[in-house]
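Undergrad: Generate coordinates for the sequence data below:
(chains A, B, C and D, ligands or ions: 2)
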Amino acid sequence: MELDNLYQEVILDHYKRPQHKKLSASFDAQVHHINPSCGDEITLNVTLQGDRVENVSWDGVGCSISQASVSILSDLLIGKTLTQAQEISDAFMALMQSKGTEKGDENLLEDAVALAGVSQYPARIKCALLGWMAFKDASVQALSKK
Amino acid sequence: MELDNLYQEVILDHYKRPQHKKLSASFDAQVHHINPSCGDEITLNVTLQGDRVENVSWDGVGCSISQASVSILSDLLIGKTLTQAQEISDAFMALMQSKGTEKGDENLLEDAVALAGVSQYPARIKCALLGWMAFKDASVQALSKK
Amino acid sequence: MPFNAIEVAKDFPILSRTIRDGKRLVYLDSGATSQKPEVVIEAESNFYRLHNAAVHRGAHQLAEEATDAYEGARAIAANFINADVDEVIFTKGATESLNLVAYAMGNAVAGNRFHLTTGDNIVVTEMEHHANLIPWQQLAARTGATLTWLSVTPEGRLDLSNLNQVISEKTKVVALTHQSNVLGTINPLDEINKRAHDVGAVVVLDACQSAPHMPIDVKTLGVDFLTFSGHKAVGPTGVGIFWGRAELLAELPPFLTGGSMIENVTMTTATWAQAPKKFEAGVPNMAQAVGLGAALSYLTKIGMKNIHDHENKLTSILLNKLAEIKNLKVVGPTTTQMRGAAVSFTLGEIHPHDLGQYLDNQGIAVRTGHHCAWPLTRKLGVPATTRASLYLYNTEADIDDLIKGIVGAEKYFG
Amino acid sequence: MPFNAIEVAKDFPILSRTIRDGKRLVYLDSGATSQKPEVVIEAESNFYRLHNAAVHRGAHQLAEEATDAYEGARAIAANFINADVDEVIFTKGATESLNLVAYAMGNAVAGNRFHLTTGDNIVVTEMEHHANLIPWQQLAARTGATLTWLSVTPEGRLDLSNLNQVISEKTKVVALTHQSNVLGTINPLDEINKRAHDVGAVVVLDACQSAPHMPIDVKTLGVDFLTFSGHKAVGPTGVGIFWGRAELLAELPPFLTGGSMIENVTMTTATWAQAPKKFEAGVPNMAQAVGLGAALSYLTKIGMKNIHDHENKLTSILLNKLAEIKNLKVVGPTTTQMRGAAVSFTLGEIHPHDLGQYLDNQGIAVRTGHHCAWPLTRKLGVPATTRASLYLYNTEADIDDLIKGIVGAEKYFG
Ligand SMILES: Cc1ncc(COP(=O)(O)O)c(C=O)c1O
Ligand SMILES: Cc1ncc(COP(=O)(O)O)c(C=O)c1O
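TA: Ligands and ions are numbered 1, 2, ... in the order given. Now for the predicted structure:
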């Protein structure tokens, strides 16, 4: 297996220049998630506008995969409806579990398809999912507050 | 290994006609010992006269080895001084631990040498020692009461 | 492929060794521990030779492979009892599993459904193995709960006539064996489960003597927790299965604490991962879990129903032949109706230890004593018995040899 | 026979396999789990192939042989740490051992020297593995005792300046690691033992990272209880050693209850066998104990001093080479003075997980993360580190490959 499969250019770019990595002052829900096996941590804010994701911002420490993944997620989900966000999340989850057999739908997942290689490294899947789990948790909480 | 080595005629005789197997009405000490691995139990009474073993009597359930061993012990130790009893017990203990390399001193151990074969069956050594451990315990208790 | 015990026996290397100067090994002590087929021995060895690394912890290839092998074994075990994979926990054996659930209940604080206190009640039966009795005695002592039990009839069956008194509104847990390791009795679970659940108690099943010998489906069995040891199921020593309903495992506090079972840790506090990890502290018995996976795959391939039918047939033959020996008394059911292949008996005045020794001298391995169920054997008035227990690799020839041996012993000690 | 790591490595079959499409395996994760020599793998297999039976329970030849093998392994283990044979208990690993002593203390009733209650105190250190921290947190919570700790200096040493305050007249138990699995630091025991014993406390030593790597003599070490895991000492998974002073084991209540650890049992009460049996409930992890015996014999034959010297030499080389990498920071002592062969470090902004992945791609297995010592890594401000840990089969070539890998990773992620 080629390491470049895992560490695609897009990922290293997002890692070095993470998007939306600054917690917004206001939010509908804030969550803190941990990856107990490696100690990575993330705080993530979500603001909704009706059924639309108005803003996602975050802060945290973690490896390139976890940082890039949440950076990509923020770019991708801001502006989407919750239904679209759900669809994208499900597709991403499925991609992660594909053990390298899928490439991901670029129309739907955009930059996130760059993470397809992670599915071949079982120990890293949790890294890639950390932000997505946090978003899921936060959006449910934000919604329940409305 | 020949089974007859273990089950010598003398042992089967003592097993079928156990000596002193009837608890005396009076005693200086009475003990109850158990072999937890097989469930064998023995109650043993000791009466001392000065430093002499005046009487040993017992009751219990157990295999031929444990029953014969305590029967032989009773025959052997009644009338002996505590010092002699100790010497005999030590010799018997050593015989049991000899892994079949010793035959035992017949002058000292008399019928108990018939148990020499037990030392080749590690799981049975505890059977042969049950009565001897009980005697040791009881004689110490009896002595401490004097 | 029709079941053929003679062919099956060839899978087990130890069965071709000899005993006491050249005698054929007749192994009738599978109730204590079973023998292992070559595939199991090799699964464990291969793990060490090829994939050994700490599971769940490393980001390197060996760790990935080790994790795959370990989690693969969990999936096999789940499939074996028809459980969900996250409901299956690897322990070191049934004794640990039963202590796990008893200690974990002891750790439950007020408000938790497993919390026990004075006024609560624990129910066991008189035919329990020490492993499913003493942990509950200890839990009762620690919490102030009472310990009561279902008794055993002279025929070796559970006496259910006072079921509704023994299991009362106060009962929080009912712990019982699926099959007695002494009597062979298989206990009827439906009535007990119903009563237990009616009063809000959970049922803990000791499946040590059943899971290796018959098909088990936790989705239909009706109990809440279940355990068995790998070493009695043609698996390695040092590994067992503990199963619990997902919603109960979520509420049950952990037992052993340490690495890998945590979510977050500070100097003064810790929170827990979800099951199964919550109950698997430390670097696990990885090679043994993998070996157990191979064992359960092996049994599944042969077919648990085939194994059960084979044992039933042999048990029936054995019971019939034993009935012909005048001084011999079987302790436990004398037909194969709701009974397994552990057959205990007494032989006149001949002490089991002596009988066992004689049989051993013929190459026949049986177990003698109280079989770690001392209260039961005392109750039945037989402080020690001789037990022959059968498994998939036993044959009619083994039974013939046993009968010959018993008759020989009668002469020898007669 | 002079020590030769290249020759030693040939005893370990896994070390000749390749990683990630043909790369040589450079195994630097022995701190997590060690690899196994062929003699250990075969000792376990041979037990199953030739002698498998339930120990201490049967009167048949297999049971005798199994018991001999199992008790023989206990004698080897006793010899390995210079203990009396009845002081050595087989557990499933260090995590179980540490839970054993913590739970057993929790079982002690008033009057027993191990009884803990409100007002009593438990002392740990800030560098403990979760396995030697959470069980004590839990014991404190159960008994009302307080939990205090010795802190760690920025250099990665225990801060003993307030030893006499932390260990006070109220302290009943001091639990600490012999060698940190993160920092490599070896802790000075004499001063701690003395203070603990002066106030009447017992000292529990986590020797997971020391016993496999240096000579251990419990007669001179001065601690009261000690444990290590077999799998880190070239032994099988699923087995560990728990040692305690005879007079303390006699007073310590049992932990797991069940078969084989009893003296007498009724439906409501049980009394205990003497140590070691008191602490070994159930059919033991027999094959693993036998495998561990083979492992400790193997290590003894090579010589623990030789192993320690070899690791020291390699560690020194490694520390020197790491010091030359600009962005690299070793977390823990930077000389081999009172330190072992576990070396953790950070590499600039490159996350350990990424570094580990890069190294893995070169065939180099290291560990990354908090190493189950989260409070320590948080305290040191490095939530995750990369750890290379060495053992008897590692060579200078392994270190060269590691250094090359680190430099390569810097370029890759730079
Ligand atoms: C210092 C230390 N203590 C305790 C443990 C726990 O050992 P195990 O997981 O084998 O039970 C480990 C290893 O994981 C360790 O390194
Ligand atoms: C019915 C029953 N329960 C529990 C046990 C305990 O199993 P283990 O000793 O493997 O922990 C056994 C076997 O010894 C058993 O037969």
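Undergrad: can we go C-alpha only for contacts and neighbour counts from here?
TA: Noted.
Undergrad: Strands of chain A, residue ranges please.
TA: A:29-35, A:40-49, A:52-61 (DSSP state E).
Undergrad: Can you tell me the SS state at residue C:149?
TA: strand (DSSP: H, G, I helix; E, B strand; the rest coil).
Undergrad: pretty sure it is touching residue C:121, no?
TA: No - using CA atoms under 8 Å, residue C:149 makes no contact with residue C:121, being 10.2 Å away.
Undergrad: neighbour-wise, which of these two wins?
TA: More crowded of residue C:149 and residue C:121, by other CA atoms under 10 Å in any protein chain shown: residue C:121, with 24 against 21.
Undergrad: Which parts of chain A are helices?
TA: With DSSP state H as the criterion, chain A has helices at A:3-6, A:9-16, A:64-77, A:82-96, A:106-109, A:122-145.
Undergrad: The second one packs against which elements?
TA: Helices and strands touching helix A:9-16, by 3 or more CA pairs under 8 Å, 6 or more residues apart in numbering or on different chains; DSSP states H and E, are helix A:64-77.
Undergrad: quick one on the thing from earlier: quick one, which of the strands of chain A is nearest to residue C:295?
TA: Ranking the strands of chain A by proximity to residue C:295 (CA to CA) places strand A:29-35 first, at 33.6 Å.
Undergrad: what is the mean pLDDT for that closest one?
TA: The average pLDDT within strand A:29-35 is 95.
Undergrad: can you give me the angle it makes with strand A:40-49?
TA: Between the axes of strand A:29-35 and strand A:40-49, defined by axes from the mean of the first three to the mean of the last three CA atoms, to 10 degrees, the angle is 160 degrees.
Undergrad: which residue packs closest to the residue in chain A that chain B sits nearest to, ignoring adjacent ones?
TA: Residue nearest to chain B within chain A: residue A:37 (44.4 Å; CA to the nearest CA). Take residue A:37 and drop its neighbours on the chain: the residue closest to it by CA to CA, 6 or more residues apart in numbering or on different chains is residue C:57, 6.6 Å away.
Undergrad: can the lowest-mean-pLDDT helix or strand in chain A be found next to chain D?
TA: Of all regular secondary-structure elements in chain A, judged by mean pLDDT, DSSP states H and E, the least confident is helix A:3-6 with a mean of 90. Yes - for helix A:3-6, a contact with chain D is found by CA under 8 Å from any CA of the partner chain, at residue A:3.
Undergrad: shaky segments in chain A?
TA: Chain A contains residues with pLDDT under 70 at A:1.
Undergrad: make it 90
TA: Judged by pLDDT under 90, chain A has its weakly predicted residues at A:1-2, A:5, A:35-40, A:122-123, A:145-146.
Undergrad: swap in the stretch 301-414 of chain C?
TA: By pLDDT under 90, the low-scoring segments of the stretch 301-414 of chain C are C:383, C:414.
Undergrad: Let's see that with 70 instead.
TA: In the stretch 301-414 of chain C, no residues with pLDDT under 70.
Undergrad: So which residues of it form strands?
TA: C:328-331, C:342-347, C:364-365, C:367-369, C:385-389 (DSSP state E, counting those that start in this stretch).
Undergrad: how about the least confident helix or strand of chain A: buried residues?
TA: Residues residue A:6 are the ones in helix A:3-6 that count as buried (16 or more other CA atoms under 10 Å in any protein chain shown).
Undergrad: Stretch C:305-314 now?
TA: Neighbour-count burial for stretch C:305-314 flags C:306-312, C:314 (criterion: 16+ other CA under 10 Å).
Undergrad: Could you count how many residues lie near residue 64?
TA: Just going to use chain A. As a burial measure, residue A:64 scores 24 neighbours (other CA under 10 Å).
Undergrad: that's the wrong chain, I meant chain C
TA: Counted with other CA under 10 Å, residue C:64 comes out at 22.
Undergrad: Excluding chain neighbours, what is closest to the residue of chain A found nearest chain D?
TA: Across chain A, the shortest distance to chain D (CA to the nearest CA) belongs to residue A:38, at 4.3 Å. Excluding its sequence neighbours, the residue lying closest to residue A:38 (CA to CA, 6+ apart) is residue D:369, at 4.3 Å.
Undergrad: what bridges to that neighbour?
TA: Beta bridges link residue D:369 to residue D:385, judged by DSSP bridges.
Undergrad: To what extent is it buried, counted in neighbours?
TA: By the criterion of other CA under 10 Å, residue D:369 has 27 neighbours.
Undergrad: The one 5 residues further on too?
TA: Look at residue D:374: counted by other CA under 10 Å, it has 26 neighbours.
Undergrad: Contacts only, for it.
TA: Residues counted as contacts of residue D:374 (CA atoms under 8 Å, 6 or more residues apart in numbering or on different chains) are A:39, C:265-266, D:130, D:383.
Undergrad: mind putting the residues you listed in a markdown table, neighbour count included?
TA: Shown next, in a markdown table, are the contacts of residue D:374 (neighbours: other CA atoms under 10 Å in any protein chain shown):
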| residue | neighbour count |
| --- | --- |
| A:39 | 22 |
| C:265 | 20 |
| C:266 | 17 |
| D:130 | 27 |
| D:383 | 22 |
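Undergrad: Does residue C:114 touch residue C:200 like I think?
TA: No - taking contacts as CA under 8 Å, residue C:114 lies outside contact range of residue C:200: 10.7 Å.
Undergrad: Between those two, which contacts overlap?
TA: In contact with both residue C:114 and residue C:200: residue C:172, using CA under 8 Å, 6+ apart.
Undergrad: These two: which is more packed in?
TA: More crowded of residue C:114 and residue C:200, by other CA under 10 Å: residue C:114, with 23 against 16.
Undergrad: Let me see the contact set for that one.
TA: Contact analysis of residue C:114 by CA under 8 Å, 6+ apart lists C:105-106, C:108, C:172, C:252.
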